[in-house]
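In: The sequence and its predicted three-dimensional model are supplied below.
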Amino acid sequence: MADEILKVRNLTTRFFTEEGQVNAVEGVDFDVRDGEVFGIVGESGSGKSVTALSLIDLVETPGRITEGEVWYRDAELADEHRDSHPEAVDGDYVDVRQLPETTRRWLRGPAFATIFQDPMSSLNPTIPVGEQIAEAVEVQRRARANPRRTRSRTQGYGLGRLLIDSVIPSRNYVSDESHERAVELLDRVGIPDPEQRAEEYPHEFSGGMLQRAMVAQALAGEPDVLIADEPTTALDVTIQAQILNLLTELQEEEDMSVVLITHNLGVIARMCQRVGVMYAGEVVERGSLEDVFENPVHPYTEGLLGSIPDLEDPAPRLSPIEGNVPSLLDSEMGEKCYFADRCPKAMESCLHRIDERDAPSTLDGVDHKVRCVLADREYDESEALDGATAPEVTDD
Amino acid sequence: MTETAPDNADQPGSATDRTAADDADALLEVRSLRKHYQDGGGLLDRVLGREATSVKAVDGIDFDVRRGETLGLVGESGCGKSTTGETLLRLREATGGTVAFDGEEVFDMDDESIASFRRRAQIVFQDPFSSLDPRMTVGAIVAEGMRIHGLPESDPTVATAAELSVGDGIDRMVEVTVADDLDRVIDADDGVARVPVSVRMGEKSPEASVDHDLLGATVEEREADLHVEVTVTGSKGEIRRAKAGRLLERVGLSSDQVDRYPHEFSGGQRQRVGIARALALDPEFIVLDEPVSALDVSVQAQVLNLLDDLQEEFGLTYLFIAHDLSVVRHICDRVAVMYLGKIAELGPTDQIFENPDHPYTKALLESVPRAEVAEQGRRVATLAGDVPSPRNPPSGCRFRTRCPKVIPPEDIEIEQSTFREVMNLRETVEAGSLDPEAVQEVGAQRYREEELPALDGENAAVVDSALEAVADGDHAAAAATLRERFETVCETTEPDATPDASGDVVACHLED
Amino acid sequence: MISPRTLRNLRKELRSSALAKIGIVLVLAMLLVATLAPFMALHNPTNQNLEENNLPPLGFSRATEETTSEMQNGSLVIKNETVLVNASASHPLGTNSLGQDVYSRAVYGARTSMMVGVLGTLLAAILGVSVGLIAGFYRGRVDDALMRFADISLAFPSLVLAIALIGLWGRAAVDIPDPFVMLGVVDPVRSALGLSTGMPDSFVLPGTVIVVVGLVNWVWFARIARGEALSIREEEYVKAARALGASDLRIIGRHVLPNATTPILVLATIQVAAIILLESSLSFLGFSGTTLSWGFDISQGRAYLSTSWWIATVPGLAIVFAVIGVNLVGDWLRDALDPGIEGEGGV
């Protein structure tokens, strides 16, 4: 299929901590299509944020991407690397992970841009907001002017220039052109009085405005894929609604693809066409919003949906998933399905690792994949695991 | 896991079937409660000539919490909901107003009354990490309240009794006396604490035993009879520890975890410990300050179910502070919606969620993303802008700066949405933040046509003349011109937020 | 109060850090020597023997001009002869100008240093932590008053302040009987080991010095404790305790203090080192109440630096090792305890 901008295969990220090896992301597969919003939903510790960082190659030590491919569609880039890195090229796609470091870095901006949960800590408190966005524009502008060579793209933007500028203050660090573009971007994301606000510092912005500014910064490189990691979690609902509207609007107008990572199922429902549900580092179920929300196969997806109180119809009792999120320590994870301990439908066949399987799908051309034996069989009580329904609170 | 219980509204003690006559049954009555924080005013501020400003976190709110109900307090961050919870428990000094708990003024209590108030009113906090002392075992955390109040103490109204079973070989009369303070160890049932005691023949003499670690029984031969005495042998500390263990079990942990430290528990488990700590003093009223906001959804549901069960079992009254509307809908009988230190709307949950009257409540509900397929692609009519600063809240109705239904003066004819735009223009003019050059550049009329295209007639003329004043740099005159024509009741008069006969509030002029 | 997790961190840090091991060995050795001084010393440190003064340490010799005069043929002949004084096996580190055993004096000097270091730090900590906790917990005027006072005390150079206080109060020193001598175990053990008997039956606790170093150093504790109290009072568990009806004193003692112990403990170890140095300076200047002190010995040996370097060098090295040892232990504690008792782990 040619309409996928991003194909992630077997992405595996581990953290090598003093306590042992932590399997934060374990063999994750998914595709992101042109102009769609793909949602990744999961609870804390499910590996969703590490997945985002792995996509843009920003995993920090002691973490490391140990395996996997991230295929990104860019015909030009593919042609350019076909001879030098044949293993990294497949048709129009390049495997970002196998490209040289400089090219990979160059891709951040025009290919992938990111917005994070906490806009306050993502911006430098000592520099006016407009200037920070202008810097992002400047970097992209120089990169585009000389796309393949890192040296020249940082020329006039390196340490030496910084030293000179700190002695002789001047605005030339960022060109006027970039500054104008920054104001344009601020206007684009719905910040009133953009010219005036550009001169203000982050602490003079409210949380919602800061998140808009972050979006503006992400737009500086006109990215193909916007990765939004919990973009509205720190915000109030009315502000969240503003930001979600903005993202939808931008996504449609700029024809971007968005990878939206959140724990909020409501946000997923409003924004996404396709969804992946993560649990203990794995994508346990993925498919169209309809399939995942209305015909969930994995008991975890079902449990997650049953856990949230319904705004319209207050059920007197919620059906939570019993137990707690498991440890991701390699030594404690064992061989069985990671959800088996909490699963109300665990059976003997759950004692082995389970590959992704096809599940019934309601939409043509949209896969529905599940990491669960229930994908192609019914729950059979006679095979139930002893004590499969874990005690209400598990000890650690 | 089966859903057998009927709809909330049918449960006894639920709010919907109440009438105004029940008003007397308020456990907590809050009247014009205010809490202002002084900002600045320190030595440095005085030296620098900075004036102290006050942040009006809570600015005059009235509500009752009725016995046995769960009152929800919802609002966005900074609306003053958590401050309200802490102030009415006297954990913060109130700036003004009164709070009566079971008829007694909380802010006037002396040391003795406050001690009994502390036993009857408790709080559970949001952050499961910061709310437990990392240096104490969870047993000590749960038992701390009992230790402070010298509990458990014996309740003089509780009788004690023994259930005697006599073994083979005992052929004499057996008389049993039970210590009066047995109820410190054994929970009373219908006003009587009962303990099973057995007497049987030992190797030489009769022996008595109770099946309880903290109790002991001794046998004495008095003439022909046997006299058995049951006493509490455990120390206060041991009794407390045992009770802490029982409480941990009640909240879904295990009693052998009393010696563990908080860091050995997950977030949801820690929150259960916090609940056990609040329960340890047998309170009647608990302030739940965002008790599930920090938890993952699956764990959140466990804790919500637990809170439901505990309320039923112990007859608790809850004040449930939250920002998550679906959680509030699930657990609350009545809901108060706060905005910028004031109550915007208060009423039975179903009414608030199905027929909200206040434009803010409507906007809030509209904003919540539902976890269902129908939600896909729903475009929400969002509120414009941000919440104003509580340092300098808007006059009149606090919501008027963002309200989509702000009321135009009666004598002018204007579309609702156009009036909203005019009001936005007025605000920038009054704040002096409209750039005169921007108006000069295109001329007042052009500027108005661009910014407020729907404006016509007399309204347009007034705006034009105001914009001309702005172009001349005279913001004050412009503001006055606009105010004269467009002044709305929403800015001149504060809407009435006192509860009506049934305790409901809709603080909006549209309701007048 | 020390959780198993803390112990685990301490052990882990100790395993991975060679410096921490060196520090622990040095401090333990110092404490051992100070405690068991009557068994470790070779001689009574105060015994003078002018016959054997300025003896060099083993492996060294000291050249000295010996003047002999004799009547020769009716005239007095004065001969200047260079003779070598050799080390004596009974004084392995030599003797000082009064013929006292340098090694034995260093052993007893450890007692004074450790005592002043530990007790002085304890006093400073009790004073400073109390003031700091109260200031941080109550804030407002109480805080302003206490901390301004602390700032003023800090503005005084500590040595000058110490000398002024000693001048004011005199050099009060307390004679404490040596417990081992009192028990009568010293002489039998020493004679069994073939060492000389008759060790001093008491030692001097320089009382004024301890009070002075406590008063000079309390400010550091006050500052740390205040900062901790300021942040801990905002924790929800403090609010929860208040909601349970806990008194201020209970909250401070039960919640604030235990959660502030880590930085206070780390500061205390570093302060022990600082106070050992301060004590040495004071006794070097002659303000101590005892002569069995490293600082005093250095001042005594200063005059002989050119000829008998060991008199000042041995106590000097003792100070260096003690201070390094204590500081290394402080670093170890800081590294092991600092990352927060609440490492949340996970990803």
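Out: That came through, no problem.

In: only C-alpha atoms for contact and neighbour calcs from this point on.
Out: Noted.

In: and the residue lying closest to B:A26 once chain neighbours are set aside, how many neighbours?
Out: Computed as C-alpha to C-alpha, 6 or more residues apart in numbering or on different chains, the closest residue to B:A26 that is not its neighbour in sequence is B:R66, at 4.1 Å. For B:R66, the neighbour count with other C-alpha atoms under 10 Å in any protein chain shown is 23.

In: same deal with B:D500?
Out: B:D500, neighbours per other C-alpha under 10 Å, totals 12.

In: Now it: which helix or strand?
Out: Taking DSSP states H and E as the definition, B:D500 sits outside all helices and strands.

In: any idea how far it is from chain A?
Out: Distance from B:D500 to chain A, counting by C-alpha to the nearest C-alpha, to the nearest Å: 26 Å.

In: Please apply the same query to B:I61.
Out: Counting by C-alpha to the nearest C-alpha, the gap from B:I61 to chain A is 22 Å.

In: Not counting sequence-adjacent ones, nearest residue to that residue?
Out: B:S32 (4.7 Å).

In: Now for the one you found: which residues touch it?
Out: The neighbours of B:S32, taking C-alpha atoms under 8 Å, 6 or more residues apart in numbering or on different chains as the test, are B:59-62, B:96-98.

In: can we see that at 7 Å?
Out: B:60-62, B:97-98 (C-alpha atoms under 7 Å, 6 or more residues apart in numbering or on different chains).

In: quick check, nearest of those residues to chain A?
Out: B:I61 (22.0 Å; C-alpha to the nearest C-alpha).

In: quick one: secondary structure of the closest one?
Out: At B:I61, secondary structure determined by DSSP: H, G, I helix; E, B strand; the rest coil is strand.

In: Touching, C:R105 and C:L292? I think so.
Out: Yes - applying C-alpha atoms under 7 Å as the test, C:R105 and C:L292 come out as touching, 6.5 Å apart.

In: ok, which stretches of chain C are strands?
Out: Applying DSSP state E to chain C gives strands spanning C:61-72, C:75-86, C:174-177, C:202-205.

In: So for B:A501, which of those strands sits nearest?
Out: Nearest of the strands of chain C to B:A501, taken as C-alpha to C-alpha: strand C:202-205 at 79.0 Å.

In: hmm, who's touching the closest one?
Out: Strand C:202-205 is contacted by residues C:173-178, C:290 when judged by C-alpha under 7 Å, 6+ apart.

In: can you tell me the residue of the stretch 401-512 of chain B closest to chain C?
Out: For the stretch 401-512 of chain B, C-alpha to the nearest C-alpha, closest residue to chain C: B:G503, 27.8 Å.

In: what secondary structure does that residue sit in?
Out: Secondary structure state of B:G503, per three-state DSSP, is coil.

In: for it, what are its contacts?
Out: Shown in contact with B:G503 (C-alpha under 7 Å, 6+ apart): no residues.

In: got the domain boundaries for the chain?
Out: Assuming you mean chain A. A:122-221, A:278-383 (automatic domain parsing).

In: wait, I meant chain B there
Out: Listed by automatic domain parsing, the domain ranges of chain B are B:159-237, B:416-487.

In: for the stretch 251-400 of chain B, what spans make up the helices?
Out: Secondary structure of the stretch 251-400 of chain B (DSSP state H, counting those that start in this stretch): helices at B:267-279, B:297-314, B:325-331, B:349-354, B:359-367.

In: does any part of the third one sit near chain A?
Out: Yes - using C-alpha under 7 Å from any C-alpha of the partner chain, a contact is recorded between helix B:325-331 and chain A, made by B:326-327, B:329-330.

In: what comes into contact with that helix?
Out: Helix B:325-331 has contacts (C-alpha under 7 Å, 6+ apart) with A:309-311, A:314-315, B:72, B:322, B:349.

In: Who are the contact partners of B:V303?
Out: B:V303 neighbours (C-alpha under 7 Å, 6+ apart): none.

In: distance of it from C:E236?
Out: For B:V303, the distance to C:E236 equals 19 Å [C-alpha to C-alpha, to the nearest Å].

In: Endpoints of stretch C:88-97, how far apart?
Out: One end of stretch C:88-97 to the other measures 15 Å (C-alpha to C-alpha).

In: Just the buried residues of that stretch, please?
Out: Neighbour counts over stretch C:88-97 (16 or more other C-alpha atoms under 10 Å in any protein chain shown) mark C:88, C:91-97 as buried.

In: what's the closest of the residues you listed to A:R82?
Out: Nearest to A:R82 among these is C:L93, at 78.0 Å by C-alpha to C-alpha.

In: The closest one against C:F60, yeah?
Out: No - in this structure, C:L93 is not within contact of C:F60 by C-alpha under 7 Å, at 9.6 Å.

In: sorry, back to before: mean neighbour count, the strands of chain C: which tops it?
Out: strand C:202-205 (a mean of 18; mean count of other C-alpha atoms under 10 Å in any protein chain shown).

In: before we move on, back to that, got a winner among the contacts of helix B:325-331 for most neighbours?
Out: Highest count within these by other C-alpha under 10 Å belongs to B:G72, 30 neighbours.

In: Now do the same contact list for the residue minimising distance to the centre of chain A.
Out: With distances taken as C-alpha atoms, centre = their mean, A:A52 lies nearest the centre of chain A, 3.6 Å away. By C-alpha under 7 Å, 6+ apart, the contact set of A:A52 is A:I227.

In: how about a cut-off of 8 Å?
Out: Here A:A52 is in contact with A:227, A:229, A:261 (C-alpha under 8 Å, 6+ apart).

In: any idea how far the closest residue in space to C:S69 that isn't next to it in sequence is from chain A?
Out: Distances taken as C-alpha to C-alpha, 6+ apart put C:I78 closest to C:S69, at 4.3 Å, once the chain neighbours are dropped. Distance of C:I78 to chain A, given as C-alpha to the nearest C-alpha: 77 Å.

In: residues in contact with C:I78?
Out: By C-alpha under 8 Å, 6+ apart, C:I78 lies in contact with C:67-70.

In: So for the nearest residue to C:E52 once chain neighbours are set aside, what's the pLDDT?
Out: Nearest residue to C:E52, sequence neighbours excluded (C-alpha to C-alpha, 6+ apart): C:G99, at 5.1 Å. As predicted, C:G99 sits at a pLDDT of 84.

In: got it, and B:E112?
Out: The model's pLDDT for B:E112 equals 89.
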